[in-house]
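Asks: using only what follows, build the 3D model:
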Amino acid sequence: MGNSVAYPVLRTADPAEAYAKARHLCELLAERYAQVYVGAVALTVADLRRLAGLLPDAIHDYVEGRSDPATGETLYFTLDVATAADTELAAELPLHCAVEELPVGVSDEGFVRAVGAGPASVRWEGHWPDEPEFGSYPSPAYDGVQLVLNSDESQWCRQVTGVHTLYVHVTKHGDPGRAERLAAAIGGAVLGEPEQG
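Replies: Numbers count the residues shown, from 1 in each chain. Below is the predicted model:
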């Protein structure tokens, strides 16, 4: 979605409610692209193995940068999650796992259910309808819906709160009127200031 403007339109402790409202918003897109972008932070070995089973081609990397104490060179996660011992994996946590497209046979709902206590994100991209009567126009490079689990920030990797937040992304410059109309469509409201998406 490029550097879009993201408006929070729902915060809830219930991930099923957040997912259902996200899917409702996706139905309001004039066009939704096929790709679904997902990412999660695994805080436990069980979380990591569950996510790796669902997303076998995911890229795994450290949440916080690590460097070799002797050389200062950047370290990268290199273990094979499928074959590494639990003790080896535990020493590497937390790890960020991400794919730019869900594998065939894996649903976005399945991903939401697989997320543990760490922060995660599901992004559906597309473009909102043309609404010239409101001065709102589609922005295909920036429009979409984002469900952030266990976080209250659209840049979700570092904040763990146990709250699930739903965002609408509208244009590069923002469109508060469209955000308010979309929030109302799910029985919500814009919650605070827009964020960079």
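Asks: for the protein, longest helix please?
Replies: Ordering each helix of the chain by length in residues (DSSP state H) puts helix 15-28 first.
Asks: any idea of the mean pLDDT for that one?
Replies: What helix 15-28 shows for mean pLDDT is 97.
Asks: ditto for stretch 165-184
Replies: Taken as a whole, stretch 165-184 carries a mean pLDDT of 95.
Asks: which element follows the longest helix of the chain toward the C-terminus?
Replies: strand 31-42 (DSSP states H and E).
Asks: run the chain-centre distance for that next one.
Replies: The chain centroid and the centroid of strand 31-42 are separated by 7 Å under C-alpha atoms, centre = their mean, to the nearest Å.
Asks: likewise stretch 64-72?
Replies: The answer for stretch 64-72 is 28 Å, by C-alpha atoms, centre = their mean.
Asks: which residues sit against that stretch?
Replies: Stretch 64-72 has contacts (C-beta atoms under 8 Å, 6 or more residues apart in numbering) with 73, 74, 75, 94. All C-beta atoms are positioned from the backbone trio N, CA, C, and that covers glycine.
Asks: whichever of those end up buried, select them in PyMOL.
Replies: Burial among these is assessed by 16 or more other C-beta atoms under 10 Å; the matching PyMOL selection reads:
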select buried, resi 94
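Asks: and residue 9, that one's in a strand?
Replies: Yes: read with DSSP: H, G, I helix; E, B strand; the rest coil, residue 9 is one of the residues of a strand.
Asks: identify the residues contacting residue 6.
Replies: Counted by C-beta under 8 Å, 6+ apart, residue 6 has contacts 146, 154, 167, 168, 169, 194, 195, 196, 197.
Asks: which one of these is nearest residue 115?
Replies: Proximity of those to residue 115 (C-beta to C-beta) peaks at residue 146, which lies at 14.1 Å.
Asks: so that closest one is in contact with residue 154, correct?
Replies: Yes: Residue 146 is within contact range of residue 154, at 6.3 Å (criterion: C-beta atoms under 8 Å).
Asks: pull up the overlap in contacts between the two.
Replies: 6, 167, 197.
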